[in-house]
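Student: fold the following.
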Amino acid sequence: MDIGSNNILVASDYDRTLASEENNFIINEKVAKKINEFSKRFKFIVVTGREKKFIDRLAVGLNPTGWILENGALIIYNNKEYILCSSDWLDKRERIVKILDQLKVRYSLGKVIIYVDNYGDKVANLKEITEYANIEINRKDVMILPKGIDKGVGLLKFKELIGFSGKIIAIGDSENDYSLFKVADIKIAVANAIPQIKEIADIVTVNPNGLGVIEILDKILSGQIFLNM
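Tutor: Predicted coordinates:
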């Protein structure tokens, strides 16, 4: 089956989807090579809560079509950055940071995101924060973003940016991939995904992490993914 290169876009999470926790989230050379080759024919987008400073260290040698970082808030395409952020967000973020400092939790600041590491239970439902922001859960971590921003919104903006109108295949593993799945035509969970993600997936891979992604890319290249579409 001949699949046109403009008819498909694969959007994949990074942590525990492309890169494994066992390897400290460093991209496997075999996985990077497969994605780089795939990206020469089809569109492959990495959609992650990670900030660029971390991705630059973890994903050396990985060259997808584009990046959607900070859980949808930052798009990088053709060496240009597009920030999805209201003009008053940085003022609101300062207020939120003061609350986090009072709670003495560990966090990281990106261009837009506040990433709270391993303290999700302390901040996820605080009205003082939800008043100003959207909170996304990622296992034990929490991502704090402007209201209305998530992975799905970032991907739709990317589609608009490049004028893409084909099918979206989303690959993920955790709670913050729900929004990605909502805008996808085919939802894929890697074998190590949480049960809630597997339940709503159209396909669950046999292999975990990056090997599961390779499994799916091979099926796309052979036309198997599209047999029942």
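
Student: alpha carbons only for contacts and neighbour counts from here, please
Tutor: Will do.

Student: in this protein, what helix or strand scores lowest on average pLDDT?
Tutor: Every helix and strand in the chain was compared by mean pLDDT, DSSP states H and E; the lowest is helix 120-123, with a mean of 73.

Student: can you give the distance of the next helix or strand after that helix from its chain's centre?
Tutor: As assigned by DSSP states H and E, the chain's next helix or strand after helix 120-123 is helix 127-130. Its chain's average C-alpha position is 24 Å from that of helix 127-130, according to CA atoms, centre = their mean, to the nearest Å.

Student: and if you look at stretch 88-97?
Tutor: Chain-centre distance of stretch 88-97: 23 Å, with CA atoms, centre = their mean.

Student: residues in contact with that stretch?
Tutor: Around stretch 88-97, the neighbours that count as contacts under CA atoms under 8 Å, 6 or more residues apart in numbering are V112, I114, E128, I129, Y132, P146.

Student: could you work out the most separated pair of the residues you listed?
Tutor: The widest separation within the contacts of stretch 88-97, taken as CA to CA, falls between V112 and E128 and amounts to 18.3 Å.

Student: those two: which has the busier surroundings?
Tutor: Each of V112 and E128 has its neighbours counted (other CA atoms under 10 Å); V112 has more, 23 against 12.

Student: show the pLDDT at that one.
Tutor: With respect to pLDDT, V112 has a value of 98.

Student: equivalent analysis for D13, please.
Tutor: Note on D13: pLDDT of 98.

Student: in the chain, which spans are strands?
Tutor: 8-12, 43-47, 66-69, 74-77, 80-83, 107-109, 114-116, 133-138, 141-146, 167-172, 186-189, 203-204 (DSSP state E).

Student: neighbouring strands of the shortest one in the sheet, and parallel or not?
Tutor: Looking back up the chat, that one is strand 203-204. Looking at strand 203-204 with DSSP bridges, its partner strands are strand 186-189 (parallel).

Student: give me the residues contacting the strand it pairs with.
Tutor: The contact list for strand 186-189 (CA under 8 Å, 6+ apart) reads 168-173, 181, 197-198, 200-205.

Student: hmm, which of those are the buried ones?
Tutor: The neighbour-count criterion (16 or more other CA atoms under 10 Å) marks 168-173, 181, 197-198, 201, 203-205 among those as buried.

Student: care to break the chain down by domain?
Tutor: The chain breaks down by automatic domain parsing into domains covering 8-84+150-226, 89-146.

Student: of the contacts of stretch 88-97, which is the nearest to D15?
Tutor: D15 has its nearest neighbour among the contacts of stretch 88-97 in I114, at 17.1 Å by CA to CA.
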